Each structure stands twice: as C-alpha cells, then as structure tokens.
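K.L.:
build me a model:
(one chain, ligands or ions: 1)
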Amino acid sequence: MARILVLGSGIVGLCCAFRLSLDGHSVKVITKSISDPTSWVAGGMLAPFSEGLSGELLNLSIKSLELYPAFLDAIYQTSGQRVELHKDGLLRLFLDKSAIDESQHYINQREDFFINETRLTAVSFKNEGYLDPTSFMRALLSSLSRLSIKIITDKIISVERDNSKILRLIGIKDIYSADYFVLCPGAWAGELLQIPVFPTKGQALLLETTVYPKTLYSDFAYIIPRENLTYVGATSEPKDFTKGNTIGGILKLIEGFLKLFPEHKNLKVSKTLYGFRPSTPDGLPIIDFGENFALLTGHHRNGILLAPVSAEIVSNALSSKAPKLEAFSLNRFLKTP
Ligand SMILES: Cc1cc2nc3c(=O)[nH]c(=O)nc-3n(C[C@H](O)[C@H](O)[C@H](O)COP(=O)(O)OP(=O)(O)OC[C@H]3O[C@@H](n4cnc5c(N)ncnc54)[C@H](O)[C@@H]3O)c2cc1C
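P.N.:
Residues are numbered from 1 along each chain as shown. Predicted structure coming up:
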C-alpha cells in the first residue's frame, strides 16, 4: 500500500483517487479549488465516433466506454448515488450525407431529422452515450468522502524534482511529500510543469426546459437533455485563459441552437458556463510515468469520456510495471524531426 497524492480535483484526478483507494492505497487529493475544474461544465458526451477520433485515441476511448458501466456501478456501491448513463441516446446530425464515413463499422442506425423543411441524416453509433458530469462529479466527491480520502485546498506553485523522481510539491500553504504522485492539473499543466499543454476555452449555455429527449450533435451546436434543462455547447477558443462568458461566445451558441430549433426563440437562459479544455499541439492526451509519478493531462474535448480508462492505466501502473504508451508520452514533443 502506497501513500498517494493526487493533484487536481477534476474528473481525471477524482477518478484516479477513487480507483487507487479501492485498490487499497492511502490517497489524498490536493486542489486549488473544488469548484473551478473544467469537468463541472462539460457537456458529458461519451462520443468518440461522433467526434471523429481515430488511431490510438479511438482505441483508448472505446476501452473507456467499455469500462464506464462497471465504473459507475462501483461509484454507486460506495456513494449510493446513481449516475445515469444514457446509451443509444446520441444522434450525430449530417447536413450532407456524403460526409458519413460508410466504412464505419460502428454505425448503429440512421434516421431522418427535419429542421423546418431541411432534411438531415441522423446517425447513432454503437455504445456512444452521455451523462451529466455534474452528477458524476458530485457522486465521485461523495464516494471519496465515504472512503475517507482527504481533499486539501492549496495551490501548488512548483514541483521539486530529481530527474525522473518527484521529491515534493510546494504549495502556498504547505509542502507535500508522498510515495507516489498522480498529477492531473488539467489545462493548468502548461504553466505548472512547463510542458506543451494549453487551454482551449469552451463556453456553453443551460436553457430552462428540455427541448428534445436525445442528444443532438451537429457541426454548428450540440444540445444535451438535462433534468428539466437543455445544455447547449460549445465554443472552442484555443489559448484563451480569460475567465467569463463573452457576447460573441453566447451569440454563437444561440445561433447554433436556433438553427436546430428556430421555434424556441423565447426559451429562457438558465445559466452561462465556461471552462478550459486541457489541449496539446497534436490533440492527444499526455499519459506518462516517472519513477514515482504519473502525469495525466491534455484530455482536451474528451476528458469525461477518457476518465475511467485513465484511472485504470494508473491503477495498473501501480500494481505492476508502468505501461509504455508511446502515442501519449511526453517524449513525443521532445523528438527532433
Ligand atoms: C464547454 C465544454 C464542454 C465539454 N464537453 C465534453 C464532453 O461532452 N465530453 C467529454 O468527454 N469532455 C468534454 N469536455 C472536456 C472535459 O471537460 C475535459 O477534458 C476534462 O474536464 C478535463 O478534466 P481534468 O480533470 O483533466 O481537468 P479539470 O477538470 O480542469 O481539473 C483540473 C484540476 O487541477 C487543479 N489544479 C490545476 N493546477 C493546480 C495547481 N497549481 N495547484 C492545485 N490544483 C491545481 C484544478 O483546480 C482542478 O481541480 C468539455 C469541455 C468544455 C470546456
């Protein structure tokens, strides 16, 4: 059993803390704020095919989709909170039928979808789905509390290292040591660790009614049903770390929503949201290991989707040898062409 310190209380950090505690380790979490992780504002689509992922990232995503039901069940067993996983409830809309990749083996079914007189093709992909990340985060925090995992609020300002070993995390309030460190600082990884991770700001809206019972993913906006609400997402603004929603961002979301549902002009906006996706230059996550640490960041648009598999990889690394995931290693950015 190791003393493990997890940095970050986003979905990746909390899933790792939960899984490592179930494995029998003694786990603590450090976060600069429980409420600022981007994970609270995500749409919650688990949609690798609709997202057009490919290669190693698609394989990783499929694995995570497979892990999801058992992972949510384990959270339910610990917290008593059931996070509903909506499978088969996600439709990818195509204006132009020829944009559908017919070689996709994962197409479940297709149906017509009308916006006024315009016919679109709606495709559903096997195993894709969605959940509400806010219930997932709440259930995780409740599980952590039941597992007596302490959450410390502090901002880490530097990481003291000796080659591939972390010695200590230096916070504003205290200094932290552990047998093993799991670093999940999301979009802030770039500034803390001087690695090529940058924020891609995303803005979203919550509307005061459920307008459609399924998730609709289109090129101009996506809408996700929430309890008595509709989530409208999302903008994509690379290298923007400014807090708050903007008129331009909200306008884009509203225009996208009204293209799908022009009859709903009078719906009330319940809440505006924004967050910072952890992005990398090649769009792939960073899942890497040192002698006594794991680094997990860069999950970009798919951190909710990839959280269970991220936790499983760290759990396997601690129980046996750290895996070599070349495609996701930090080294890929250091290689000379
Ligand atoms: C609008 C929007 C919609 C999205 N929709 C989806 C979707 O539908 N499906 C999907 O899979 N993904 C989606 N994403 C992406 C997803 O939200 C992210 O990939 C995911 O939340 C990243 O999780 P994380 O744990 O790595 O980072 P975060 O959730 O940002 O957590 C990082 C944590 O690290 C802490 N931290 C950072 N630096 C320090 C420090 N120096 N000291 C102490 N603590 C620190 C922060 O306080 C925070 O707790 C969306 C993102 C946005 C913005």
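K.L.:
quick check, pLDDT for residue 105.
P.N.:
Listed pLDDT for residue 105 reads 67.
K.L.:
show me what contacts the residue positioned nearest the centre of the chain?
P.N.:
With distances taken as C-alpha atoms, centre = their mean, the residue of the chain nearest its centroid is residue 303 (2.0 Å). For residue 303, the contacting residues are 10, 11, 12, 38, 39, 42, 186, 277, 278, by C-beta atoms under 8 Å, 6 or more residues apart in numbering. (Each C-beta comes from the backbone N, C-alpha and C, glycine too.)
K.L.:
just residue 243 next, same as before
P.N.:
Residue 243 neighbours (C-beta under 8 Å, 6+ apart): residue 274.
K.L.:
any idea how far it lies from residue 201?
P.N.:
According to C-beta to C-beta, to the nearest Å, residue 243 and residue 201 sit 9 Å apart.
K.L.:
okay, and the common contacts of these two?
P.N.:
residue 274.
K.L.:
so which bits of the helix-or-strand element of the chain with minimal mean pLDDT are buried?
P.N.:
In the chain, no helix or strand scores lower on mean pLDDT, DSSP states H and E than strand 107-115, which sits at a mean of 80. Of the residues in strand 107-115, 107, 113 count as buried by neighbour count, 16 or more other C-beta atoms under 10 Å.
K.L.:
starting at the chain centroid, how far to it?
P.N.:
Remark: strand 107-115 is offset 26 Å from the chain centroid, using C-alpha atoms, centre = their mean, to the nearest Å.
K.L.:
ok, residues contacting that strand?
P.N.:
Strand 107-115 is touched from outside by 88, 91, 93, 100, 119-126, 216, 259-262, with contacts defined as C-beta under 8 Å, 6+ apart.
K.L.:
and the residues you listed, which of them are in helices?
P.N.:
259, 260 (DSSP state H).
K.L.:
in strands, which of the contacts of strand 107-115 fall?
P.N.:
Per DSSP state E, strands hold the following members of the contacts of strand 107-115: 91, 93, 119, 120, 121, 122, 123, 124, 125, 216.
K.L.:
biggest separation within those, which pair?
P.N.:
The span of these, defined through C-beta to C-beta, is set by 119 and 125 at 20.1 Å.
K.L.:
neighbour count: those two, which is higher?
P.N.:
Comparing residue 119 with residue 125 by neighbour count (other C-beta atoms under 10 Å), the higher total belongs to residue 125, at 20 against 11.
K.L.:
in this structure that one contacts residue 88, no?
P.N.:
No. Counting by C-beta atoms under 8 Å, residue 125 does not reach residue 88; the two are 9.4 Å apart.
K.L.:
thinking again about what came up before, could I get the ones in strands among the contacts of strand 107-115 as a markdown table with pLDDT and distance to residue 31?
P.N.:
Shown next, in a markdown table, are these (pLDDT from 0 to 100; distance: C-beta to C-beta, whole Å):
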| residue | pLDDT | distance to residue 31 |
| --- | --- | --- |
| 91 | 92 | 36 |
| 93 | 91 | 37 |
| 119 | 83 | 48 |
| 120 | 85 | 42 |
| 121 | 87 | 43 |
| 122 | 90 | 39 |
| 123 | 90 | 39 |
| 124 | 90 | 36 |
| 125 | 89 | 34 |
| 216 | 94 | 34 |
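K.L.:
and the buried ones among those residues, selectable in ChimeraX?
P.N.:
Only the buried entries of the ones in strands among the contacts of strand 107-115 go into this ChimeraX selection, using 16+ other C-beta under 10 Å:
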select :91,93,120,121,122,123,124,125,216
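K.L.:
contacts only, for the closest residue to residue 78 other than its chain neighbours.
P.N.:
Computed as C-beta to C-beta, 6 or more residues apart in numbering, the closest residue to residue 78 that is not its neighbour in sequence is residue 143, at 4.1 Å. By C-beta under 8 Å, 6+ apart, residue 143 lies in contact with 18, 75, 78, 79, 81.
K.L.:
kindly recompute the last result at 6 Å.
P.N.:
18, 75, 78, 79 (C-beta atoms under 6 Å, 6 or more residues apart in numbering).
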